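K.L.:
Take a look and give me a structure for this.
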Amino acid sequence: MADRPITTRRPGTLSPYRAVLISRIQAQVAYRASLAMDLFSALILGLVELAEVWLLFHNASVIGGLTFSAVLLVFALADLSFCAADILFGHLDKLPRYVRAGTIDVFYLRPQPILLQLMTSDIRIHRLTRPAVSLFALGYALTHNGIAWGPGTVGMLALTLVCGPTIYASVFVIAAGCQFVLVNAAEFTSSFVYGGRYAATQPASVWPGAIKATFGFVLPLAFTGYLPALYVLGLPGHGIFQSGLAWLLPVVTAWALILAGATWRFGLRHYRGAGG
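P.N.:
Coordinates of the predicted model:
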């Protein structure tokens with residue numbers, strides 16, 4: 001009988017990343033009390049941010065032309081998109097620490113894309129409770145607003161829930177790419193990431209002019225909550241922000257991806273090592 005050929009099974013391309021993620025999750029689950037506290041803290045943080053919206057309407061019944069239920073839809077769409085991106089990309093804010101310590105050099109030595117390594121180098125599962133608040137707000141907003149349901153409305157919601165997280169993920173990558181150049185400016189880039197997220201949960205009609213340009217079109221965060229909410233609710237816009245612009249979501253998402261890719265590649269080329 002002829003010898004059977006010996007076959008070896010090669011690990012998949014994503015196997016190393018999967019192994020790292022599983023080890024990170026197992027390490028966090030091992031400390032159940034600590035994990036439970038982190039999950040609860042993330043939930044409380046989300047409730048506090050939701051309470052801020054509720055408190056605003058104790059002083060004004062209408063903000064930026066929107067009622068409480070309408071603003072809640074803006075909050076829910078933008079915040080849910082941010083939370084989805086934050087789970088996978090939020091720990092990119094550790095990059096300045098890696099650059100200053102020189103540990104980023106290790107990522108350059110591995111035969112895998114650096115961005116994918118950073119994305120899978122850590123995962124904070126306590127953030128999984130944070131979207132629960134956004135989902136609650138979304139359910140409330142969809143049932144307490146007079147929405148004319150139809151293919152366009154459903155399509156806009158689906159498009160927002162796909163493009164919104166992609167836009168926020170791009171913003172995280174842009175901020176990380178800038179750190180290769182700025183190094184000690186984590187607070188500066190965080191103001192665009194987290195400040196932009198806070199601005200996006202509010203009606204864009206109340207933004208100052210510079211904020212409208214920055215978070216409306218350069219970093220198109222107005223498309224993650226405000227503009228889709230206007231279309232879904234059938235409300236007119238204010239000034240440059242008209243509800244029909246919401247259908248440009250694929251275009252501005254592509255723009256955000258292009259800007260993120262260009263910033264990231266520029267940062268990688270700019271880095272010359274820690275000199276160790």
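K.L.:
Name the helix or strand for Gly267, please.
P.N.:
helix 249-270 (DSSP states H and E).
K.L.:
got the buried residues for that helix?
P.N.:
For helix 249-270, a neighbour-count test (16 or more other C-beta atoms under 10 Å) marks Leu249, Val252, Thr253, Trp255, Ala256, Leu259, Ala260, Thr263, Trp264, Gly267 as buried. Bear in mind the C-beta positions are built from the backbone N, C-alpha and C, glycine included.
K.L.:
What pLDDT is listed against the third one?
P.N.:
Thr253 carries a pLDDT value of 96.
K.L.:
nearest residue to it other than its sequence neighbours?
P.N.:
Closest residue to Thr253 apart from its sequence neighbours, by C-beta to C-beta, 6 or more residues apart in numbering: Cys163 at 4.3 Å.
K.L.:
Same question for the second one.
P.N.:
Computed as C-beta to C-beta, 6+ apart, the closest residue to Val252 that is not its neighbour in sequence is Pro220, at 3.9 Å.
K.L.:
Pull the number of nearby residues for that neighbour.
P.N.:
Pro220 has 25 neighbouring residues, counting by other C-beta atoms under 10 Å.
K.L.:
from what I can see it touches Ser170, true?
P.N.:
No: the pair Pro220 / Ser170 is not scored as a contact, 9.3 Å apart, by C-beta atoms under 8 Å.
K.L.:
what sits in contact with each of those two?
P.N.:
Thr253, Ala256 (C-beta atoms under 8 Å, 6 or more residues apart in numbering).
K.L.:
Which parts of the stretch 1-150 of the chain are helices?
P.N.:
Assigned by DSSP state H, counting those that start in this stretch, the stretch 1-150 of the chain shows helices spanning 15-30, 32-56, 68-89, 95-101, 104-109, 114-120, 130-143.
K.L.:
Which elements pack onto the third one?
P.N.:
So the one you mean is helix 68-89. Packing partners of helix 68-89 (3 or more C-beta pairs under 8 Å, 6 or more residues apart in numbering; DSSP states H and E): helix 32-56, helix 130-143, helix 151-182, helix 186-200, helix 226-233.
K.L.:
quick one on the thing from earlier: can you count the residues close to the residue nearest to Thr253?
P.N.:
24.
K.L.:
For it, which residues are in contact?
P.N.:
Cys163 makes contacts with Phe223, Thr224, Leu249, Pro250, Val252, Thr253, as judged by C-beta under 8 Å, 6+ apart.
K.L.:
Next up, the contacts around the closest residue to Leu118 other than its chain neighbours.
P.N.:
Spatial nearest neighbour of Leu118, chain neighbours left out: Leu92 (5.9 Å); criterion: C-beta to C-beta, 6+ apart. The contact partners of Leu92, by C-beta under 8 Å, 6+ apart, come to Leu118, Met119, Phe172, Val173, Ala175, Ala176.
K.L.:
What distance do you get for Leu92 to Leu249?
P.N.:
Noted for Leu92: a distance of 23 Å to Leu249, by C-beta to C-beta, to the nearest Å.
K.L.:
before we move on, what about Ala33?
P.N.:
If you go by C-beta to C-beta, the gap between Ala33 and Leu249 works out to 42 Å.
K.L.:
so Phe188 makes contact with Tyr194?
P.N.:
No: using C-beta under 8 Å, Phe188 makes no contact with Tyr194, being 11.6 Å away.
K.L.:
higher neighbour count, those two?
P.N.:
Each of Phe188 and Tyr194 has its neighbours counted (other C-beta under 10 Å); Tyr194 has more, 16 against 12.
K.L.:
Who are the contact partners of the more buried one?
P.N.:
Applying C-beta under 8 Å, 6+ apart to Tyr194 gives no contacts.
K.L.:
picking that back up, ok, of the contacts of Cys163, which one's closest to Gln112?
P.N.:
Thr253 (25.6 Å; C-beta to C-beta).
K.L.:
Alright, calling it a day.
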